[in-house]
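J.: this one's structure only:
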């Protein structure tokens, strides 16, 4: 009795199935990917347990960078035009409306706004710009900005967002809040990175019990 | 693993009038294609940002014109948190004693126990947390402490300007080595 002869198997594997899976995953990732727009102002946001996703349209965003410099971002061109016209007539700034509408963010004292808008968009980088002066309590220019913005949004709810850097000092943030208060914008949202609720805390117990969190 | 049929050896032995139809295999080697597929997948996995930024809501109180209109809080239910430099947190209950005897230092890790303990022994209606960030504290500190309010389900809290006396006290405690300097 000899041994049973093992048939020699081919080492070839059918790759078709694997290929299918690979491309299925590939198409999934291609479709779900949203490329981060390159940010002119570098900001690392703090973490919070807030679960609400930040609105991504119709917003007015105030960015505070790590040195406490303040910038404004608006996404609606119509409102931008209104703000620009209001500031031009009010302060005689001579700003180019078309350039103002195209600009991604604003961050310069009023006196330098015209030259700020003259810089090509791609060369406007947060770390080289002066930002909007807020710390001088007698001349908090944020208030003027907020007034112009509130007027432009007359009657429509503004999605006010504050995006601050971890290292930004409190006085800049306070100056921004003061400007909000002065223009009666008492609701705003702070952009944060999501974080899980620490286990064992009261909020955690509530969430576990299935209670809905009030935002 | 290569599977392309290249066996054309001896394919040119055509006899006169004999045409041999060569049977080519239809199998194609898919290995490079799979390689490419996974390479692209890795690329997209690394560039993709899954977590979307979230937003934390904050409602500001309207500044009251005259002091009588301001919200009153029972002294026994008030705890004031002061945010200092280097992630230091200080707190006192009720009014600040003139000699600063009830001024205690803490940290972001320990403050939760302090708050919970205060919450446990105070009537829920009276409990008010007053947050006073000093000019040396960072935006992260403010967000962290507001987050702490959410985590501990403290309904009444207010962001208040720090007084010069407290600012001084925080500065001194910060400089004094800060027993709670550990993050």
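T.: Looks like it came in fine. Just so it is clear, the structure is predicted and the values come from calculations on it, not from any experiment.
J.: if I read this right, residue B:86 contacts residue B:173, doesn't it?
T.: No - contact between residue B:86 and residue B:173 fails when scored by CB atoms under 8 Å: they sit 11.1 Å apart. For every residue, glycine as well, the C-beta is placed using N, CA and C.
J.: more neighbours: those two, which one.
T.: residue B:173 (21 against 15; other CB atoms under 10 Å in any protein chain shown).
J.: so does whichever helix or strand the more buried one is part of get close to chain A?
T.: Element membership for residue B:173, per DSSP states H and E: helix B:164-175. No - Helix B:164-175 stays clear of chain A (CB under 8 Å from any CB of the partner chain), getting no nearer than 11.3 Å.
J.: who touches that helix?
T.: Among residues not part of helix B:164-175, those counted as contacts by CB atoms under 8 Å, 6 or more residues apart in numbering or on different chains are B:82, B:84-86, B:88, B:90, B:96, B:100, B:103, B:105, B:132, B:134-136, B:162.
J.: and for stretch A:82-100?
T.: Stretch A:82-100 is contacted from outside by A:74, A:80-81, A:101, A:106, A:110, A:113-114, A:117-118, A:144-145, A:148-149, A:151-152, using CB under 8 Å, 6+ apart.
J.: what about that stretch, distance to the chain center?
T.: 24 Å (CA atoms, centre = their mean, to the nearest Å).
J.: buried ones in that stretch?
T.: By neighbour count on 16 or more other CB atoms under 10 Å in any protein chain shown, the buried set for stretch A:82-100 is A:82-84, A:86-88, A:93, A:95, A:100.
J.: what's the closest of those residues to chain B?
T.: Using CB to the nearest CB, residue A:83 comes nearest to chain B of the buried residues of stretch A:82-100, at 22.1 Å.
J.: give me the mean pLDDT for the host helix or strand of the closest one.
T.: Per DSSP H and E, residue A:83 falls inside helix A:77-91. When pLDDT is averaged over helix A:77-91, the result is 82.
J.: ok, stretch B:47-59 next?
T.: On average, stretch B:47-59 scores 76.
J.: before we move on, what about stretch A:204-213?
T.: Mean pLDDT, computed over stretch A:204-213, is 74.
J.: how much distance is there from the helix holding residue B:173 to the middle of the chain?
T.: How far helix B:164-175 lies from its chain's middle: 27 Å, per CA atoms, centre = their mean.
J.: got the buried residues for it?
T.: B:166-167, B:169-170, B:173-174.
J.: just checking, what packs against the helix with the most length in chain B?
T.: Longest helix in chain B, counting residues (DSSP state H): helix B:31-47. Helix B:31-47 sits against helix A:16-32, with contacts defined as 3 or more CB pairs under 8 Å, 6 or more residues apart in numbering or on different chains; DSSP states H and E.
J.: which parts of the helix it packs on are buried?
T.: Of the residues in helix A:16-32, A:18-19, A:22-23, A:25-26, A:29 count as buried by neighbour count, 16+ other CB under 10 Å.
J.: could these go into TSV alongside pLDDT and distance to chain B?
T.: Compiled in TSV, the buried residues of helix A:16-32 are given as follows (pLDDT from 0 to 100; distance: CB to the nearest CB, whole Å):
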residue	pLDDT	distance to chain B
A:18	87	5
A:19	87	5
A:22	88	3
A:23	90	5
A:25	89	5
A:26	89	5
A:29	85	4
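J.: show me where pLDDT drops low in chain B?
T.: Applying pLDDT under 70 to chain B picks out residues B:1-20, B:49-51, B:63-73, B:176-183.
J.: strands of chain B, start to end?
T.: Ranges of strands in chain B, per DSSP state E, are B:54-59, B:78-83, B:88-93, B:104-107, B:128-133, B:157-159.
J.: dump these to JSON lines, plus distance to residue A:124 and mean neighbour count.
T.: JSON lines is the format used below for the strands of chain B (distance: least, CB to CB, whole Å; neighbours: other CB atoms under 10 Å in any protein chain shown):
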{"stretch": "strand B:54-59", "distance to residue A:124": "26", "mean neighbour count": "18"}
{"stretch": "strand B:78-83", "distance to residue A:124": "33", "mean neighbour count": "22"}
{"stretch": "strand B:88-93", "distance to residue A:124": "37", "mean neighbour count": "22"}
{"stretch": "strand B:104-107", "distance to residue A:124": "39", "mean neighbour count": "18"}
{"stretch": "strand B:128-133", "distance to residue A:124": "31", "mean neighbour count": "21"}
{"stretch": "strand B:157-159", "distance to residue A:124": "32", "mean neighbour count": "17"}
